[in-house]
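**Student:** What follows is a predicted structure for the sequence shown.
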Amino acid sequence: MKKWIESRLIIIVLLILVTYGLLSTDLTSTWGINKTVNWMWDITNLYFLVPMIFWVSLIVIYSLLAIFKVQTSLILSSIQLFLLGVLLFVIQNSFPEFYFELTTAGLLILIFNTIISIRKKYIL
């Protein structure tokens, strides 16, 4: 199990995201009727940009590590999966005050995990 988590973390991440997406959608409601369309985003801060960078880089980096068969750190991968679960709980229960901090912490753990994994395979 330890080796499977280290080498196939992208599968776990994608399964969590697909499961969350399927469980959180409400297909019985009507969408888009009599709603105002806002065509302009307020980009004066990075509040919306950091979560987008986090989710895209999470999928892309762990996919590349799986393609190149690089094993990730078990401790950092476990922390990443726990943080991903907490982040999805925060999104589901609408606690926006913790969202930016959790995505920033997740992005830092992702960078550390990638650096340690590449260093473990190619340098040492």
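**Tutor:** Alright, I've got the coordinates.

**Student:** surely Leu102 meets Leu84?
**Tutor:** No - counting by CB atoms under 8 Å, Leu84 is not a contact partner of Leu102; they are 9.2 Å apart. All C-beta atoms are positioned from the backbone trio N, CA, C, and that covers glycine.

**Student:** burial count for Gly21?
**Tutor:** 10 (other CB atoms under 10 Å).

**Student:** Report the separation between it and Ile11.
**Tutor:** 16 Å (CB to CB, to the nearest Å).

**Student:** Likewise for Arg119?
**Tutor:** Separation of Arg119 from Ile11 (CB to CB): 23 Å.

**Student:** can you check Leu88 too?
**Tutor:** 17 Å.

**Student:** Those two - which one has more neighbours?
**Tutor:** Set Leu88 next to Ile11 and count neighbours by other CB under 10 Å: Leu88 wins out with 18 against 14.

**Student:** which one is that one nearest to, not counting chain neighbours?
**Tutor:** Tyr20 (5.1 Å; CB to CB, 6 or more residues apart in numbering).

**Student:** List of residues touching the one helix or strand that neighbour maps to?
**Tutor:** Following DSSP states H and E, one finds Tyr20 within helix 9-24. For helix 9-24, the external contacting residues (CB atoms under 8 Å, 6 or more residues apart in numbering) are 5, 58-59, 62-63, 65-66, 72, 77, 80-81, 84-85, 88, 92.

**Student:** which one among those gets closest to Thr114?
**Tutor:** Taking CB to CB as the measure, Thr114 lies nearest Leu65 of the contacts of helix 9-24, at 7.0 Å.

**Student:** list the contacts for the closest one?
**Tutor:** 9-10, 72, 114, 117.

**Student:** now swap in Ala66 and tell me
**Tutor:** By CB under 8 Å, 6+ apart, the neighbours of Ala66 are 7-11.

**Student:** again, only this time at 10 Å
**Tutor:** 7-11, 72 (CB atoms under 10 Å, 6 or more residues apart in numbering).

**Student:** now do Ile91
**Tutor:** By CB under 10 Å, 6+ apart, the residues touching Ile91 are 20, 24, 51, 98-99, 102.
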